[in-house]
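[1] Quick check, what structure comes out for this input:
(2 chains)
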Amino acid sequence: MLLEQLSGNLIQGIILGAVYGMATMGLSLIFGVLKVVNVGHGAFIMVGAFVTLWLFNALGINPIIALPGAFVIGMGLGLIFYYTTMQRLIKAPELATLLATFSIGILLEELVKLIFGSEFRGYNWVVGKIDIGVTVLPLSKLYACIGSVIIALLLYLWFKKTRAGSAIRSVVEDSEGARVCGVNVGGAYALSFALGIGLTVSSGVLLTMFIPVGINPYMGGGYTLKAFVIAVLGGLSSPYGAFFGGLVFGLIENGSYTLFALIPGVEPFALTRFLSFVILLAILLIKPTGLLSTK
Amino acid sequence: MKRNYLKTAMIFFACFGFLLATNALAAPKKIVIGHPACLSGKYAKAGEQAIGGVKACIDWVNNVYGGVQVAGKKLPLAYKYYDCESKKEAVTSLIARLITVNKVNVVFSAYSSGLTLRGAPVAESHGMLYMDHGGANNKIFRQGFKYIVQTIGPATNYHQGTLNMIQKVDPKAKKVALAYEDSEFAKMVMHGAEGHAKKLGFNVVFKRTYPKGVTDLTPLLSALKASKPDFIIGGGHFEDGQLFNRQMADLDIDVKALSLIAAATLPAFYKALTSMAEGVMGPSHWEYGVKYSVEEAKKVGLNWIGPDQDEFVALFKKALGKEIIPDYHAAEAGAQVLAYVLAVEKADSLDTRKVRAALGDLTFMSFYGGWDVDDTGLQVGHSMVDVQWQMGKRIIVWPKEAQTGDVAYPMPTFAEKARGKVALPR
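    Next up, the predicted model:
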């Protein structure tokens, strides 16, 4: 029975972890290129969740089809916020960018609240389930996991195989050198910010496929905290590291629950969170560049 | 010349002093209710309902009842509220502001046990009457506060009716699972439910909590599933209630009954979960359709005050300017206005101590039901009802004397719900 529960939870953990990883890639990309910590990260996830909700409830569009739409909306938002705010703050002290992204997050939350209200919403996309013996997997969760893996792979290929991807990598290595070689550094910054926000908004779609309820303007706060833990686990400036960090986090969160439940008199959930942060602290002490960083 | 200056100055100070004295002695022209309301943040939904309920009953008191009779005069009620953003630190500063700057006569608490408890010492330190319509935790009333009075029912009673009902409709159902949010309020509900379940002979096969703000309950629900309960009671607040129901559906956890506190009774619950919410129950302090009336009050020997149910609904819609039916958050806040009005009239004074003493002796019935508090201020006169989603509608299924329909038991399985089966009584 215990083994069955543990394996069931680990499978659920991998699926959730892939989505968490995807939800963190945008944060890592923006930090990696622009050295900006986007503390409004969760608000962009929330935007993705509302895009899905609205498309599903108002137009009957299923979340898989909503995914590219959310990505385009995210890119658009990223470009707007880059050219109106972030561009002026790239060279400013870190506190300025922190406050700017924090303000953007609040702005988005209040804007969404103004349009949709503060109610906790949800949608009911019934696409079937698979019973694998140790646990039951709704297909919507599997689609979210597969979607996350595909997006991570596409991002990897885009960075490796395209000129724009190479340009961004060169800016990360040495922005002055890249400029001398003719790379449009400002453009690379704008594209990276837009891409990072696009990925984050898309992850909001995938997260609602995993958990299609609790959608509200303030839902992003919890995800921001998790994203920071995952980003540090994987190496803050590496989007791929963030993806694997997400998998590790999902496994820890789900797997440790079953083990902690064996200790009499304790509430396992409290300990799973405790363990996540202990691991985070340990990594910061032992390998501050992140678990999967090559530096 | 010097004498004239002195004379003028003396006349000026005498006039000024007279004005001050008359101002201090003048009878108040209105009675002001202060409220750190949750207009935004996580309790915004409940906060909006509470504001609508208060405004509706103030409207009734001022325009139908004719104002509050105190010291031979009829005084109108006024309402001063600020948005506390559902935050503890804002609650404390706003209560201090309402008392010292706005000079309110009574403070209504914010929503939730945590926010209510946080504001209580501030009101207490100013000797201000503090009326609680949103904090159900019994612990609030064990702190020795003198000026707090509760309208919402205590947390320990929330699931007692549900357990009584299941024992009545299915004596064979013995295994109950308890899974509540790790909050003061929800743990108090769990404590009351566990004690009552054991008293009724149920076997508690699972008992765990989950943290506030949880985004995935899969590990807890997998363990719960393994305990094979006959029915589940639990929850905490609205967001986790939605998640609980949804992930039970994801994991195919089929039980005969599911009752969730705070979430299952709200229309947004069904709107978010649609067919997956069929048959799900929840305890409620008040529900549209309850049968409290002047006649019912006479039967049980209580005085009646306030609008009837339909009048209240109409006033609520007018107050918010929205076509929505009020829920229990609105009703309890509205009933609290009526309790305060009766207490002021009974005390014939606005003095906090006198009004608090009058509230202690007060019993009455309104559209919200009975009202009575014990010596600590804890509500003991109000009974809860159990509501179930049947064909997309909320039906009061317990207690028998309040029900608007029979309970659908057992509820359909999640696979049946996915195929479109609705909950219907057998």
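
[2] Surely residue A:113 and residue A:121 touch.
    No - using CB atoms under 8 Å, residue A:113 and residue A:121 do not qualify as a contacting pair, with a distance of 11.9 Å. C-beta: built from backbone N, CA, C; applies to glycine.

[3] okay, those two: which has more neighbours?
    The neighbour count for residue A:113 versus residue A:121, taken as other CB atoms under 10 Å in any protein chain shown, is higher for residue A:121 (23 against 17).

[4] Once you drop chain neighbours, what's closest to the more buried one?
    residue A:215 (4.6 Å; CB to CB, 6 or more residues apart in numbering or on different chains).

[5] Residue in the stretch 151-295 of chain A with the shortest distance to chain B?
    residue A:257 (3.5 Å; CB to the nearest CB).

[6] so what's that residue closest to, chain neighbours aside?
    For residue A:257, the closest residue by CB to CB, 6+ apart turns out to be residue B:219, at 3.5 Å.

[7] right, and the one you found touches residue A:11 too?
    No - the criterion here is CB under 8 Å, and residue B:219 misses it with residue A:11 at 11.6 Å.

[8] Of the two, which one has the most company?
    Between residue B:219 and residue A:11, counting by other CB under 10 Å, residue B:219 is the more crowded of the two (26 against 18).

[9] Which elements pack onto the strand or helix carrying residue A:144?
    Element membership of residue A:144 [criterion: DSSP states H and E] is helix A:139-161. Judged by 3 or more CB pairs under 8 Å, 6 or more residues apart in numbering or on different chains; DSSP states H and E, the packing partners of helix A:139-161 are helix A:2-34, helix A:63-81, strand A:129-131, helix A:163-173, helix A:185-210, helix A:239-260.

[10] can you do 6 Å?
    helix A:2-34, helix A:185-210 (3 or more CB pairs under 6 Å, 6 or more residues apart in numbering or on different chains; DSSP states H and E).

[11] Hey, what's the angle from the helix or strand following the shortest one to helix A:2-34? Just curious.
    Read in the C-terminal direction, the helix or strand following helix A:185-210 is helix A:220-234, with elements assigned using DSSP H and E. Orientation note: helix A:220-234 sits at an angle of 90 degrees relative to helix A:2-34 (axes from the mean of the first three to the mean of the last three CA atoms, to 10 degrees).

[12] List the buried residues of helix A:220-234.
    A:220-224, A:226-234 (16 or more other CB atoms under 10 Å in any protein chain shown).

[13] Please work out how many residues are found near residue A:265.
    Using other CB under 10 Å, the number of residues around residue A:265 comes to 4.

[14] what does residue A:291 give?
    Residues lying near residue A:291 (other CB under 10 Å) number 18.

[15] and it, helix, strand or coil?
    coil (DSSP: H, G, I helix; E, B strand; the rest coil).

[16] and if you look at residue B:306?
    Going by three-state DSSP: residue B:306 is coil.

[17] Please apply the same query to residue A:137.
    strand.

[18] swap in residue B:388?
    strand.

[19] Test of understanding: give the bridge partners of it.
    Beta bridges link residue B:388 to residue B:281, residue B:395 when assigned by DSSP bridges.

[20] Tell me who's in contact with it.
    Contacts for residue B:388 were tallied using CB atoms under 6 Å, 6 or more residues apart in numbering or on different chains; they are B:281, B:395, B:397, B:407.

[21] who touches residue 238 in this structure?
    As the question left the chain open, I've gone with chain A. Applying CB under 6 Å, 6+ apart to residue A:238 gives the contacts residue A:28.

[22] Chain B, not that one
    A:120, B:262, B:263.
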